[in-house]
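A.B. asks: next one to model:
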Amino acid sequence: MASVEKTQAFVLHVRSYRNTSALVDFFTHTQGVMRMVVNGLQGQSKKQCHWKGVLQPFQHISVSYRGKGGLKTLVDVNEQTATQRTVLQGSYLYCGFYLNELIQKSISQESVDAHLFDVYKQCIGLLSNKHDMDVCLRFFEAQLLQVLGYGVDLIHDASGHLIDPDAYYDYRPSDGFCIADVNDKRAILGVHLQALADNDLTLEYTRKVAKYVFRRAIETHLNVVELESRRLFVGP
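C.D. replies: Numbers count the residues shown, from 1 in each chain. So this is what the prediction gives:
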């Protein structure tokens, strides 16, 4: 029998499996995205009721599992801390679903990056405290692209020169920021790229630039275009 391993995790998605069990996708600290079968989850025993209460999205938990190959078997699950459970409501809930779906569609199973796990944990905490949604989502998108090797260079243009605050640029995901004509409808004024590089989303137009740039990068490099969470909620 395979040995039991343990890691920190967040639930990404739960779906029914066979008659009484479930398949659960986890985002874990040590093994990236993992899929586990949870036997008997639909039962009514004390243990099963406890598991159903813990296996909820956005909760920081610890999971014990065993198995080889792509599908593991959950052995035990517990809340990571004894603090109050994380609650996302309204628009913040849809933002959380967006992060979960983005991870599922862009991170391969058992692709390990503890830093991204910590960034996700931080973003969920900020959303639960009703922090600025734009800032949270753009921060996570930027970190995700960086981790996967597609980070957006906001300091230099496509020719390697420093971004000029008074120049206009066209963002091309495969090349970077190319000098553009002021009349180009996609032209971005350099001062907004500098603000974005400084994580300054004070101006509404800078927020629009950030959303446009990171979404284009994600669609091009990660091939993530259709997301159910975007259809459910039109927001940041």
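A.B. asks: hang on, Asn183 in a helix?
C.D. replies: No: checked against DSSP: H, G, I helix; E, B strand; the rest coil, Asn183 lies outside a helix; its state is coil.
A.B. asks: count of neighbours near it?
C.D. replies: 7 (other CB atoms under 10 Å). Just so you know, the C-beta spots here come from the backbone N, C-alpha and C atoms, and that holds for glycine as well.
A.B. asks: could you check the pLDDT of Met1?
C.D. replies: Per-residue pLDDT puts Met1 at 58.
A.B. asks: next secondary structure after the helix or strand that contains Asp76?
C.D. replies: For Asp76, the host element (DSSP states H and E) is strand 71-79. Using DSSP H and E, the helix or strand that follows strand 71-79 in sequence is helix 91-106.
A.B. asks: show me what that next one is packed up against.
C.D. replies: Contacts defined by 3 or more CB pairs under 8 Å, 6 or more residues apart in numbering; DSSP states H and E place helix 91-106 against strand 5-17, strand 21-28, helix 114-128, helix 133-147, helix 228-232.
A.B. asks: got the buried residues for that helix?
C.D. replies: 92-103, 106 (16 or more other CB atoms under 10 Å).
A.B. asks: kindly report the same for stretch 105-119.
C.D. replies: In stretch 105-119, counting by 16+ other CB under 10 Å, buried: 106-107, 116-117, 119.
A.B. asks: how about the contacts made by the residue nearest the centre of the chain?
C.D. replies: What sits nearest the mean C-alpha location of the chain, by CA atoms, centre = their mean, is Leu99, with 3.5 Å. By CB atoms under 8 Å, 6 or more residues apart in numbering, the contact set of Leu99 is 120, 123-124, 137, 140.
A.B. asks: how about the nearest residue to Val112, chain neighbours excluded?
C.D. replies: Gly32 (4.9 Å; CB to CB, 6 or more residues apart in numbering).
A.B. asks: so the one you found is in contact with Gln104, correct?
C.D. replies: No: the pair formed by Gly32 and Gln104 falls short of the contact definition of CB atoms under 8 Å, at 11.2 Å.
A.B. asks: just say helix, strand or coil for Lys130.
C.D. replies: Criterion first, three-state DSSP; result for Lys130: coil.
A.B. asks: correct me if wrong: it contacts Ser91.
C.D. replies: No: assessed by CB under 8 Å, Lys130 is found out of contact with Ser91, at 9.4 Å.
A.B. asks: on that earlier part again, state the phi and psi torsions of the residue nearest to Val112.
C.D. replies: Main-chain torsions, Gly32, degrees, to the nearest 10: phi 70, psi -140.
A.B. asks: any idea what it is bridged to?
C.D. replies: Thr28 (DSSP bridges).
A.B. asks: residue ranges with poor pLDDT in this structure?
C.D. replies: Within the chain, the ranges that satisfy pLDDT under 70 run 1-2, 82-84, 110, 230-236.
A.B. asks: in it, what residue sits furthest out from the centroid?
C.D. replies: Of all residues in the chain (CA atoms, centre = their mean), Asn183 lies farthest out, 34.7 Å.
A.B. asks: and the gap between it and Ser174?
C.D. replies: 23 Å (CB to CB, to the nearest Å).
A.B. asks: tell me who's in contact with Leu196.
C.D. replies: 154, 206, 209-210, 213.
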